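Peer 1: Next one to model:
(2 chains)
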Amino acid sequence: AQKVTQAQTEISVVEKEDVTLDCVYETRDTTYYLFWYKQPPSGELVFLIRRNSFDEQNEISGRYSWNFQKSTSSFNFTITASQVVDSAVYFCALSEELRANSKLTFGKGITLSVRP
Amino acid sequence: GAGVSQTPSNKVTEKGKYVELRCDPISGHTALYWYRQSLGQGPEFLIYFQGTGAADDSGLPNDRFFAVRPEGSVSTLKIQRTERGDSAVYLCASSLANREGTEAFFGQGTRLTVV
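Peer 2: Numbers count the residues shown, from 1 in each chain, chains lettered A, B, ... in the order given. Predicted coordinates:
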């Protein structure tokens, strides 16, 4: 069975600090996708990033970066120079196999609060 | 509309009643998903449609839950004989069907409260 663990439940930082959100996953699939979603107070889940299991290259996109390590089954997400608007719940998710439109298994989420 | 639309945004119902939750996906998206999110938890998969057919309904908790998508666009999640434990936010998402691992776009959800 698939499982996503987000050990951190709440993180509070001061604006402009960098913050890393941890994610550890379990799957028997050899190929899969990993995602990060953001859920602001409005409730709508907003897609942030996607990484497939073939590609462990870490990337930076604006203030976001991610560190995917297949050997430790981790997919951590970093926000650089955090802003108040980053305050939200962040979910890590895992797809079922590397196929189109598979269902996602989500972690419990991390509540990030960015103080001015 | 530009995004996934869910109605109503809030629904309060009495225990034992029947409810219907509606999802209008992004135009052109053939894949549609329903998830349920309880307070303090991540979304949990309920059912996935590819076109009009339910491709995977393994997440439906029991036979009180049923979903349809008769014309391959709008979907309705139906809950019979509601129980207090059904209280949650029900999220709908849609995605394109022709790309591997394509991301799903979520609506704002319907908050269901069973009293």
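
Peer 1: how many neighbours does residue A:27 have?
Peer 2: 19 (other C-beta atoms under 10 Å in any protein chain shown). For every residue, glycine as well, the C-beta is placed using N, CA and C.

Peer 1: for it, what are its contacts?
Peer 2: By C-beta atoms under 8 Å, 6 or more residues apart in numbering or on different chains, the contact set of residue A:27 is A:2-3, A:73, A:94.

Peer 1: nearest spatial neighbour of the residue of chain A found nearest chain B, skipping sequence neighbours?
Peer 2: Distances between chain A and chain B by C-beta to the nearest C-beta are smallest at residue A:106, namely 3.2 Å. Nearest non-adjacent residue to residue A:106, counting by C-beta to C-beta, 6 or more residues apart in numbering or on different chains: residue B:42, 3.2 Å away.

Peer 1: quick one: that neighbour from residue A:6, how far?
Peer 2: For residue B:42, the distance to residue A:6 (C-beta to C-beta, to the nearest Å) stands at 8 Å.

Peer 1: any residues in contact with both of these two?
Peer 2: Counting by C-beta under 8 Å, 6+ apart, the residues touching both residue B:42 and residue A:6 are A:91, A:107-109.

Peer 1: Can you name the residues of chain A that neighbour chain B?
Peer 2: Counting by C-beta under 8 Å from any C-beta of the partner chain, chain A comes close to chain B at A:4, A:33, A:35, A:37, A:42-47, A:50, A:52, A:91, A:93, A:95, A:98-109.

Peer 1: which residues of chain B score low on pLDDT?
Peer 2: For chain B, the stretches with pLDDT under 70 are B:1, B:97-101.

Peer 1: residue contacts, the residue nearest to residue A:106?
Peer 2: By C-beta under 8 Å, 6+ apart, the contact set of residue B:42 is A:4, A:91, A:93, A:106-109.

Peer 1: and if you look at residue B:49?
Peer 2: Listed by C-beta under 8 Å, 6+ apart, the contact partners of residue B:49 are B:31-33, B:55, B:67, B:69, B:72, B:75.

Peer 1: Please, a PyMOL command that selects the buried ones among these?
Peer 2: Of these, the buried ones can be selected in PyMOL as follows, counting by 16 or more other C-beta atoms under 10 Å in any protein chain shown:
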select buried, chain B and resi 31+32+33+55+67+69+75
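
Peer 1: List the ones among the contacts of residue B:49 that fall in strands.
Peer 2: Using DSSP state E, the members of the contacts of residue B:49 that fall within strands are B:31-33, B:55, B:67, B:75.

Peer 1: what's the farthest-apart pair in the residues you listed?
Peer 2: Farthest pair in the ones in strands among the contacts of residue B:49 (C-beta to C-beta) is B:31 and B:67. Separation: 13.5 Å.

Peer 1: what residues does chain B put near chain A?
Peer 2: Selection of chain B residues close to chain A by C-beta under 8 Å from any C-beta yields B:3, B:31, B:33, B:40-45, B:48, B:50, B:56, B:59, B:89, B:91, B:93, B:95, B:97-109.

Peer 1: which of those are buried?
Peer 2: Of the members of the residues of chain B next to chain A, the ones counted as buried by neighbours, 16+ other C-beta under 10 Å, are B:31, B:33, B:42-45, B:48, B:50, B:56, B:59, B:89, B:91, B:93, B:95, B:97, B:101-109.

Peer 1: What strands line up against the worst-scoring helix or strand of chain A on mean pLDDT, and which way round?
Peer 2: Ranked by mean pLDDT, DSSP states H and E, the helix or strand of chain A with the weakest confidence is strand A:60-61, at a mean of 78. Looking at strand A:60-61 with DSSP bridges, its partner strands are strand A:64-69 (antiparallel).
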